[in-house]
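In: Please find the sequence and the predicted model below.
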Number of protein chains: 2
Amino acid sequence: MFENKDDSKTGISQLGEFGLIDHLTKNFKIKQKSTIMGIGDDAAVISAEAKKEIVVTTDLLLEGIHFDLSYMPLKHLGYKAVVVNLSDVFAMNAQPSQITVSVAVSNRFPLEAMEELYAGIEAAAKIYNVDVVGGDTTSSTTGLLLSITAIGQAAKEKIVYRNGAKENHLLVVTGDLGAAYMGLQVLEREKEVFKVNPNSQPDLEPYSYLVERQLKPEARQDIPKLLAELDVLPSAMIDISDGLSSEIIHICKSSKVGCNVYEDKIPLDPQVISVCEEFNIDSTTIALSGGEDYELLFTIKTEDFPKIKSNPHLTIIGHMTAESEGIHLISRANTKIPLVARGWNALKNEE
Amino acid sequence: MFENKDDSKTGISQLGEFGLIDHLTKNFKIKQKSTIMGIGDDAAVISAEAKKEIVVTTDLLLEGIHFDLSYMPLKHLGYKAVVVNLSDVFAMNAQPSQITVSVAVSNRFPLEAMEELYAGIEAAAKIYNVDVVGGDTTSSTTGLLLSITAIGQAAKEKIVYRNGAKENHLLVVTGDLGAAYMGLQVLEREKEVFKVNPNSQPDLEPYSYLVERQLKPEARQDIPKLLAELDVLPSAMIDISDGLSSEIIHICKSSKVGCNVYEDKIPLDPQVISVCEEFNIDSTTIALSGGEDYELLFTIKTEDFPKIKSNPHLTIIGHMTAESEGIHLISRANTKIPLVARGWNALKNEE
């Protein structure tokens, strides 16, 4: 689909490295006053606001490991690559302000494909109000690769780590879980159908929410603002990229606490429930291990309960216990099942 | 050499992503007081020193494009990948303080190979006094890939950009040029010899300086300190990664000036001169276009000349002119040759 066999398309090497960066980033506007120097010097220069600390996070996305271009449009990929990083900044209760974007690309991609990718990056930068301040562009011998670093700022006393959860704190999750993973299952199924019958026209309408959660996820930029409005400072916070189980375990290990999570409290979209039935998969398993939800998971003190209860964005799904009690799922049948991390593992994909 | 066919070696996927990161980074110590949180949360947290700005730079290094593991030991690769990034921080006249390291690796690499790579990263972090505060580790379908981001700090008024050079400013370069490129030529030649006769024992002794400049380059961390001691603030500065020509053109374009560079002033190590003769290559061409020198190129006001003259680390190689006069090399025969950027271009390597 992106093979550069069409002579009307432009080979990227015609522009050279600097020409390519100039071409792809020329529309990018600097909007953050903390950006002193963006693209165009040896390094970007950022001013730290008074009494604020800097947060930095980075992610690597590889074709064939993290994404499949047969159903992931390049514009969506660019958008998602940015969102995935910003989610980590929000998980620190910080505001992102800058990103750097490095891309390695093989010559099977024409310039027009790179323009699509950068249009997605630009769209995300605009919506999340971050400046693209640097990066690197190079050729690759095989596929496409993206490495994005996000930089944000927050007042020192507002930054939330993973290690502050205490016994009896409530465990809260934003939004709903499992949709992105089921979206991937739907897309994988359609890909198989397409291989057998290239003329089939998939009807993705019944799966629209799932597919959107997979192809165009959003990061919860509203949550740090909401928490500030509610006057709630979480004791621990993490974003859900590898699945709920894995993230609960991270908080428990960092905070040295245990946890009880209640199966009947885990928020699921009705589309997730019906598609799990269609695929004959247990929806709780998907919520626990599916991953790519980019929701936020956090703990709060019990006295903050009145501030968050009945908020439509937030669901209390459990509470923290003593470390010695372990980490458990309390099933609908009221049995206690030890939680294990079976989240998506990029290192195991090759086996 | 690194193929994981040896059963005594450990497959990296046995550890899982988090296990691998823990294993590889467990020896890394946090030394910078500006590092509030290193590896182990959604993002690293860095405190900005009072009145300092943050500089951020990133580089992507791919097997088969930027390095060849048939002569680049993994430990050297890890070391060089860090140094290349730090060089950009020094080129802003800033001090690096943190790096993030992302690695994608195919399962042909056993754990022991990753340990070698990280030993090189650790060695560089120690020598340059930077903390490894984050990163990402994933599998790749083909080779090895490194994406490093370096973060540094400098007082606002000390940061040197590319755009401050003015007419009559002197053009100064640190160290000597062309050695890393000639080291690569020597290594490539030995690789070809090895292919024909695997029992040949290369004698690299006569090329030791060149090979070291290619395999284990150092960044000029001494230069910002030296400039401060000499009380010289450059008007523009850049690091020499793509070759002298390319970097002079960058400064000239950013600063809107022209330049005359004097061929007889370009500093060359005697080993570069003799090996250029052996390879029948013009040494000036190599200095201008070879790249990977990681020296610093900067401009100073004429009144600063007495402060730097006869300093063994610094060579004045030309002066800036009006933009309309263009950018020229003044040859030994006193002819004026327009400078063009023929530096190493990662996007052209595939053609």
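Out: Cool, the structure landed. Residues are numbered from 1 along each chain as shown, chains lettered A, B, ... in the order given.

In: Any chance of the backbone angles for the residue of the stretch 1-150 of chain A found nearest chain B?
Out: Residue nearest to chain B within the stretch 1-150 of chain A: residue A:48 (3.2 Å; Cβ to the nearest Cβ). Every residue, glycine included, has its C-beta placed from N, CA and C. Dihedral angles phi and psi of residue A:48 (degrees, to the nearest 10) take the values phi -90, psi 130.

In: The nearest residue to residue A:37 once chain neighbours are set aside: how many residues sit nearby?
Out: Leaving aside its sequence neighbours, residue A:37 sits nearest to residue A:45 (Cβ to Cβ, 6 or more residues apart in numbering or on different chains; 4.0 Å). Neighbours of residue A:45 under the rule other Cβ atoms under 10 Å in any protein chain shown: 23.

In: which strands and helices sit next to the helix or strand hosting residue A:45?
Out: Under the criterion of DSSP states H and E, residue A:45 resides in strand A:44-47. Counting contacts by 3 or more Cβ pairs under 8 Å, 6 or more residues apart in numbering or on different chains; DSSP states H and E, strand A:44-47 is packed against strand A:35-37, strand A:95-105, strand A:131-139, strand B:52-62.

In: Mind checking those strands for the one nearest to residue A:165?
Out: Among the helices and strands packed on strand A:44-47, the nearest to residue A:165 by Cβ to Cβ is strand A:95-105 (22.9 Å).

In: ok, the residue nearest to residue A:37 - contacts?
Out: Residue A:45 is in contact with A:35, A:36, A:37, B:53, B:54, B:55, B:92, B:159, counting by Cβ atoms under 8 Å, 6 or more residues apart in numbering or on different chains.

In: from the residues you listed, which single one is nearest residue B:263?
Out: Using Cβ to Cβ, the contacts of residue A:45 come closest to residue B:263 at residue B:92, 28.9 Å.

In: sec struct for that closest one, please.
Out: Classification of residue B:92 using DSSP: H, G, I helix; E, B strand; the rest coil returns coil.

In: Which pLDDT value goes with it?
Out: pLDDT, residue B:92: 98.

In: Test my guess that it contacts residue B:158.
Out: No - using Cβ atoms under 8 Å, residue B:92 is not in contact with residue B:158; the gap is 9.0 Å.

In: So between those two, which is more surrounded?
Out: More crowded of residue B:92 and residue B:158, by other Cβ under 10 Å: residue B:92, with 30 against 16.

In: circling back to that earlier point, any idea how far the residue of the stretch 1-150 of chain A closest to chain B lies from residue B:30?
Out: Separation of residue A:48 from residue B:30 (Cβ to Cβ, to the nearest Å): 19 Å.

In: Look at these two and report which has more neighbours.
Out: Using other Cβ under 10 Å, the more surrounded residue of residue A:48 and residue B:30 is residue A:48, with 20 against 14.

In: Run a quick check on that one versus residue B:55, I expect a contact.
Out: No - contact criterion Cβ under 8 Å: residue A:48 and residue B:55 do not qualify, at 11.5 Å.

In: list residues touching both of those two?
Out: Common contacts of residue A:48 and residue B:55 (Cβ under 8 Å, 6+ apart): none found.

In: rewinding a little: give me the mean pLDDT for the strand holding residue A:45.
Out: Rounded mean pLDDT across strand A:44-47 is 95.

In: ok, it: who's next to it in the sheet?
Out: If you go by DSSP bridges, strand A:44-47 pairs up with strand A:35-37 (antiparallel), strand B:52-62 (antiparallel).

In: For the nearest residue to residue A:222 once chain neighbours are set aside, grab phi and psi.
Out: Excluding the flanking residues, the one nearest residue A:222 by Cβ to Cβ, 6+ apart is residue A:313, at 7.2 Å. Main-chain torsions, residue A:313, degrees, to the nearest 10: phi -90, psi -10.

In: Name all residues that make contact with residue A:313.
Out: By Cβ under 8 Å, 6+ apart, the residues touching residue A:313 are A:174, A:175, A:222, A:223, A:226.

In: Quick check: closest non-adjacent residue to the residue nearest the centre of chain A.
Out: Nearest to the geometric centre of chain A sits residue A:84, at 3.1 Å (Cα atoms, centre = their mean). Nearest non-adjacent residue to residue A:84, counting by Cβ to Cβ, 6+ apart: residue A:59, 5.5 Å away.

In: Mind telling me what element the nearest residue to residue A:269 once chain neighbours are set aside is part of?
Out: Residue nearest to residue A:269 in three dimensions, not counting chain neighbours: residue A:176, with 4.7 Å by Cβ to Cβ, 6+ apart. Using DSSP H and E, residue A:176 maps to neither a helix nor a strand.

In: quick one: the helix-or-strand element of chain A with minimal mean pLDDT to chain centroid distance?
Out: Within chain A, no helix or strand scores below helix A:16-25, which has a mean of 78 by mean pLDDT, DSSP states H and E. Relative to its chain's centre, helix A:16-25 lies at 27 Å (Cα atoms, centre = their mean, to the nearest Å).

In: Now it - C-alpha only, CSV.
Out: Extracted C-alpha coordinates of helix A:16-25, given in CSV (Å, rounded to 0.1, in the frame of the first residue of the first chain):
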residue,chain,number,x,y,z
GLY,A,16,18.2,14.6,1.9
GLU,A,17,18.0,14.5,5.7
PHE,A,18,17.9,18.2,6.4
GLY,A,19,15.6,18.9,3.4
LEU,A,20,13.2,16.2,4.7
ILE,A,21,13.1,17.5,8.2
ASP,A,22,12.5,21.0,6.9
HIS,A,23,9.8,19.9,4.6
LEU,A,24,8.0,17.8,7.2
THR,A,25,8.2,20.2,10.0
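
In: hang on, the earlier thing: any chance of the contacts of residue A:313 in a markdown table, plus distance to residue B:21, secondary structure and neighbour count?
Out: Listed next are the contacts of residue A:313 as a markdown table, based on distance: Cβ to Cβ, whole Å; DSSP: H, G, I helix; E, B strand; the rest coil; neighbours: other Cβ atoms under 10 Å in any protein chain shown:
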| residue | distance to residue B:21 | secondary structure | neighbour count |
| --- | --- | --- | --- |
| A:174 | 26 | strand | 23 |
| A:175 | 27 | coil | 20 |
| A:222 | 30 | helix | 14 |
| A:223 | 26 | helix | 22 |
| A:226 | 31 | helix | 16 |
